[in-house]
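*Asks:* Need a 3D model of the following:
(chains A and B)
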Amino acid sequence: MPEKLIDLKAPRSRFARSINVERDSGSEAIDGYLPVGRAIDAISRLAAALNQKEAEVALSITGPYGSGKSSLAIIIDALLGPANDQARRSAERLLEEVSPEVLDVLREARSRLGANEAGFIRASATASREPVAATVLRALINGVDRFVPRKGQVRAHHTALARLRQMQSDYEGEGRICPDSRLIRREVELLSSVAPILILIDEFGKNLEAFADAASDADLFLLQELAEWTRGVDGIPLALVTLQHMAFDEYATGASAPQRREWAKIQGRFEDIPFIDSPAQTRSLIAAAFDAPDPRLEPAIDRWASKQTAELAKLGSGDLLLDKELIAACWPLHPVALAVLPDLCERYGQNERTLFSFLAGHEPKSVATFLSKHSWAKTRELPAVRLDALYDYFVDSAATVAAISSAASRWVEIDNRIRDARGVDDAGRRVLKTVGLLNLISAGGTLRASQAVVAFAATDGHVGTATPEDVIEQLRRLEDRGLITYRDFADEFRVWQGSDFNLKTAIDVSMRRIRDVPAARLVEAVLPLAPVVAGRHSHRTGTLRVFERKWADEDVAAIELLGSDDKADGLALFVLASEVPKKTVIRRREGKPLAFLTTLDPSGVVNAAREVAAIDDVLSTADDLRDDWVAYRELQERRLEAMMILEAEFEQAFGTASGQVSRWTYLEPAETLVWSEIAAPSASSALSTVADTWYSEAPIIHNDLVNRHELSSQAAKARRLVVEAMLESPEREGLGIEGSGPDRTLYLSILQAFSLHQTVGDAWAFKEPSKSNTIYPAWKRLTDELRMATADRKRVSEILSALAAPPYGIRSGVSSVLVIASMLMYADEVALYEHGTFKPVLSSEVCERLIRNPGNFEVKHFASRTGDRAELLAEVADRLNIDGNRRIRNGRVRSVLSVLSHLVALVNQLPEHVKRTGYLSPAAKAIRGELLSATEPDELFFVAIPRALNKEPIAVDGEQGNEIASIADALAEVSRELLGAQPALLSDIRETLREQFRGPEENLRENLAARAKDIKGKVIDPTLGRLVVALAADIPGEDEWVEYVAMNVTGTPPAAWTDDDRRRFFGLIHDVGGTFRRIEALNADVRSRGESYDALRVTVTRPDGVEAAKLVWVDQVRRQLIEPILLTALEGARAHVGSETEARDLLLAMLAEEDLRAEERSTSAASDKLRPDAIRVRKSEDVAK
Amino acid sequence: MRHVCGISGGKDSSALAIYLRDRVPEMEYFFCDTGAELPETYDYLNKLEVVLGKPIARLNSARGFDHWFEVYRGTLPSPQMRWCTRLMKIKPLEDWIGDDPATSYVAIRSDERNRKGYVSTKANITAVFPFVDDDIDHDGVLRILDEAGVGLPEYYEWRTRSGCYFCFFQRKAEWVGLADRHPDLFAKAVAIEKKVLTQAGTDGDASYQDVAMKGREYTWSQGETLEELVSRRDEIEERHAAAVERAKSKRRNIPLVEVLSSALDEDDDSQACAVCHL
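*Replies:* Here you go, the predicted model:
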């Protein structure tokens, strides 16, 4: 039977498990330890420091996980032990073997300090997350306990131990009294007189983390002080050694900058020893890890090594520092495998620990397994462990380790690619793994996946990779399939494309960054809770009651109840504590319900949330992550997993089945803070109970369409139609809404269900609901709000929010309809204002805006049902023929509004001219002014109008009797005057036209039109031209004709005249009339010839030079009548003056003089019309109506 | 069959109304009131009513611009979102006509027969174009108005189009004109541009600056706020004067109304509103 290789050359068995300095001290732990270069270095520096009088003996050893720090701790501990200690002997033997000179220095130091026999008090401990003082205390107990005192010191030793134990039990006991730094210092001082002390703290980083959390400065100063003691002439015999993974200040990422500087300063007290081996050191270690081979094998190994060395030389790998001896010593590791191994261990494993388990472990792909699987055949070349085997080992046994390693993302990508490579045979896969592993190391230089290196590394004599040519062929095929790419510039093949993002570090950093974020904020960020519906309550009342869910801490600053601005109906706080933070609750007006869910142990949720938050933090802050999809995906997956954990934790602590550990507590709606608890299985059920208590007066509404905060467009349309029907046909059954559309449904579910619309006598009308109706409490609140608004107006939005608040909780979709119903019901007592402007009529467009912007509307209530006020209303209504029993639009009966709207309408329908003219009585002008400018109806009617009529205002509860009637009379008179003003103006215009144009009383229009036609086309004056056209125009209606004519004189229709226009008209018409008549006269000259009567033109030149021309018609009949008078007058005149000619001239002149006087009289009559006070106010009963 | 003739307050539709007065005795005249017309327009309508001898039906007066401004919470109309025309002109007309068969008389002139006036898409409304059919052009329109004694609306002194005082189709020179002739209306247009209600009453702020189109800067006139526009009024006036000169020099003895119109057209070539500006 062939011999197994393992029998010829085997790796030494090494410890491949983690070490604990407290647990594992002793010779067994040391036996088999291989002191690596850096360990020797550390021991040497410790020994040197101990030997020097004035050197500080404070070392901080910093190195990565698994680099053997803990083993070093044990060696140091052993080396400073008593002479009779087995462990010390083992350690010394070990050290002697590797570095006898270091041992010499150490021995000298021990002797110098008088500790050669009894050794040091070896206060060694592994730190956990605790104060330094606690760790040091534990270490001291460990040290004192193990120390065997000399005679004479027994007592001191004993009492010291007792004191230390007392301190420890104080610390570990109920009170958790942290050891006092000063006391510890004193103990150290006292003990140092017994023996030199070694304080050795492994995993010191944990102390630093605890310190970063708690930030008790005193703690770290203990350390600083101890470090200081170790130096100087009077320094006490003390050596201080700490071991940790990172530099001190790197543990303080969450701390402030000054704090970090402080830490760096403290580390400055220590001599820092980096605990890292160079690859060369590690390779020596590997060589030393094998036992010497069986002599029979040596020639074969030698041959093999020679060949490899030659191959390496071809590659030009001088930088790898691999000599033949080393290669031989490290067989069966292939030289390339040997070259990458240190790096691989450092980056993807736990350094030595991984290295040793790879060499000596019993995993399927370890070197030991390899050696025991293969047998020796003298004739064949020695087999070797190659990169593909390395790859397999690290995938198989180190995959989980890889996940936390800094280069995990690269690892994951390469692993995924190789795993997913389909249709690749074993040979191809071996080559692929070779490339992959070289990529993983990616050290550059010779050690890269170049064709030559891969060929050298992968050529193993097996099928497919038997020769370098075979390997190159494999590379070509892999490249063809896109599994690897050749990167020209770097001369290497790659299966990996991503970046070097360091996930582990990034998450650690984020973890520390978010350390101080309050738990609630953290959980809120990663697990925001969706609102939850109070199911039972919602189902019962028909209103979907929703509670917002938020996270809270026990020490939350303040919790304010939700208010009317919030959409949710209440707040359910999930408290990350077992107690309700009751004291921080702030009540408010119209506040909404508040409930808490507490749980016995929230830490599961908080920790899981921290994990998720840290990942989120990395995802959102790490810039280089964007280019690295592998790391990104990895993070996503981790997040998913962390989320699942969080959700599970949530279910456990707060979920439906958490009844055993969680508890609901809620605030009672009372004014004071009264709390109740609910034993309810689910949030929905518990919150239903809360909603029932708080929304006790919620009406029952069965209409999902409008029972909402915001309506769909369909529901909004239905509501608009219903509101319009409410305004248009309140007297009809069902408001006249037919069919079964959403408007009908809305009517049924609100107006009918709340019996707001009922039969009253024969017709239907809006009516208050009965007390038994579920709407009653809310309705009462609504009407109370209206009634309270007597002194000041009340904003409609405030009324809506009062109805929306507990205990009613009515949605605006419904409450807006209620408000409009109430406005209709109390139309005679409630006034509505928009932007402060009174709205006399509740029209559909006003409602549209009211619903849309209730904040722009206000209401006011005026008491006007009794006393003088009521009487005045009745009297005025009577005088103005406002039928008190008539239901006018929108239900307004005899009331301030109905009377006022009559008056306002009266003023509004007046032509513009009457609205602004001064040609009115003082009373009419005053009343008109008030009606046009008033903003408050009650103010206007009861105060301003009486004042305008020189009467006292009507007080709310006045009893004046007589004055009331006279006010009403005066108001009626004014109303008649205003209505009659425009007809009176038109009548004046007509009369003036008649006078100026010398027209007849009857058929004036026909007369003037006929005359205008006669002279049409002969007019040059533009004003007269327009007038002539107007006079002849075919305008239907006499008044309209008058208006048209007047418009053509002034350019503006009389209805729109200003008083200036009015004066201008009467001035102009006089002039234009004269011109008209002159033209008419001139015209007649021409026409007179050939007629049966004579037309004479008489022109008189007045003293001012103006000629007055007129046409005198002389027909036969009048000629015969007038002729004798003329002859008699001529004869009489001649008797006085002698000459007939002179007599004729005198008569003519004096007649002309008479004519001129008559003209003047007529002119002054025309100007009389221009004086406003000359205008008599006409009584015309018929137009007053 | 109903016969309807819309009057916008502009010269063409007014002339058409007068033109048809004796030809279509059963004509119903209407005017879609936006509540934001120029005072000159209301004056002119008064005159027209006298000339036409019958009232002009005012449609829509309850739901004018102010109403929609509130309902839309400050979302202003714009050439892209012309809710003003739809809600204040077209819909009221269609509501008014209802489902009666109707002939609508549209005042497109014979010299602009390619222009698209508003023609309702409702099947029961038939549009006719009497000016196009009877070959009445710009001069014809002026003659009709002159003979009827109404003349041109007074705003023609500074603006060639009817419509709202803040109409976004206004030319820059017209805005300056508004600022001169009606400083109060100009101030209101500025307020609307800022989505501020000037009639918010004594009790508070009822602006919609934080509601509609929050953060979106909309200006009535392209590219600048009214305040910016009016601050460079000299420049605008100068340009306008130059444009008037140019327009004048092209022909002789042209009525001012035309000169003004082509000078303003030079200002920009944005399409006018086919509904409001007839």
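*Asks:* Need the residues that contact stretch A:938-949.
*Replies:* A:831, A:860, A:862, A:864, A:869, A:872-873, A:896, A:899-900, A:923, A:926-927, A:929-931, A:934, A:952-955, A:963, A:967, A:970-971 (CB atoms under 8 Å, 6 or more residues apart in numbering or on different chains). Glycine gets a C-beta too; all of them are placed from N, C-alpha and C.
*Asks:* can you list the residues of chain A near chain B?
*Replies:* Residues of chain A found near chain B (CB under 8 Å from any CB of the partner chain) are A:793, A:795, A:833-837, A:843, A:845, A:848-849, A:852-853, A:855-856, A:858, A:912, A:1026, A:1029-1030, A:1034-1037, A:1040, A:1043-1044, A:1047-1048, A:1052-1053, A:1055-1056.
*Asks:* Now the buried members of those residues.
*Replies:* Those of these that meet the buried threshold are A:793, A:795, A:833-836, A:843, A:845, A:848-849, A:853, A:856, A:858, A:912, A:1026, A:1029-1030, A:1035, A:1040, A:1043-1044, A:1047-1048, A:1052-1053, A:1055-1056, by 16 or more other CB atoms under 10 Å in any protein chain shown.
*Asks:* Do a quick rundown of the helices in the stretch 151-278 of chain B.
*Replies:* B:172-181, B:183-193, B:226-231, B:233-250, B:256-267 (DSSP state H, counting those that start in this stretch).
*Asks:* which of those helices is buried the deepest?
*Replies:* helix B:172-181 (a mean of 21; mean count of other CB atoms under 10 Å in any protein chain shown).
*Asks:* hmm, back to that, in PyMOL, how would I select the buried members of the contacts of stretch A:938-949?
*Replies:* Remark: buried members of those, expressed as a PyMOL selection using 16+ other CB under 10 Å:
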select buried, chain A and resi 831+860+862+864+869+872+873+896+899+900+923+926+927+930+931+934+954+963+967+970+971
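*Asks:* sorry, back to before: now, the buried ones among the residues of chain A next to chain B that are in helices?
*Replies:* Members of those lying in helices (criterion: DSSP state H): A:845, A:848-849, A:912, A:1026, A:1029-1030, A:1040, A:1043-1044, A:1047-1048.
*Asks:* about what we covered before: which one of the helices of the stretch 151-278 of chain B has the poorest average confidence?
*Replies:* When the helices of the stretch 151-278 of chain B are compared by mean pLDDT, helix B:256-267 comes last with a mean of 58.
*Asks:* What is the burial count for B:F31?
*Replies:* By the criterion of other CB atoms under 10 Å in any protein chain shown, B:F31 has 25 neighbours.
*Asks:* re earlier: next, format the helices of the stretch 151-278 of chain B as CSV and append distance to chain A.
*Replies:* Listed next are these as CSV, based on distance: least, CB to the nearest CB, whole Å:
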stretch, distance to chain A
helix B:172-181, 18
helix B:183-193, 13
helix B:226-231, 23
helix B:233-250, 25
helix B:256-267, 17
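*Asks:* I'd like to know which of those lies nearest to B:G10.
*Replies:* B:G10 sits nearest to helix B:256-267 of all the helices of the stretch 151-278 of chain B, at 11.2 Å, using CB to CB.
*Asks:* May I see the helices of the stretch 151-278 of chain B organised as TSV, with distance to A:A48 added?
*Replies:* Output for the helices of the stretch 151-278 of chain B, formatted as TSV (distance: least, CB to CB, whole Å):
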stretch	distance to A:A48
helix B:172-181	91
helix B:183-193	85
helix B:226-231	82
helix B:233-250	89
helix B:256-267	95
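*Asks:* Nearest to B:E147, out of the ones you listed?
*Replies:* Relative to B:E147, the nearest member of those by CB to CB is helix B:256-267, separated by 16.0 Å.
*Asks:* Pretty sure A:I236 sits in a helix.
*Replies:* No. Counting by DSSP: H, G, I helix; E, B strand; the rest coil, A:I236 is not found in a helix; it is coil.
*Asks:* Tell me if I'm right that it and A:W229 touch.
*Replies:* Yes. With contact defined as CB atoms under 8 Å, A:I236 counts as touching A:W229 (5.4 Å).
*Asks:* any common contacting residues for those two?
*Replies:* Counting by CB under 8 Å, 6+ apart, the contacts common to A:I236 and A:W229 are A:V188.
*Asks:* Looking at those two, which is more packed in?
*Replies:* Using other CB under 10 Å as the criterion, A:I236 and A:W229 rank with A:W229 on top: 22 against 16.
*Asks:* these two touch, right, that one and A:P237?
*Replies:* No. Contact criterion CB under 8 Å: A:W229 and A:P237 do not qualify, at 9.6 Å.
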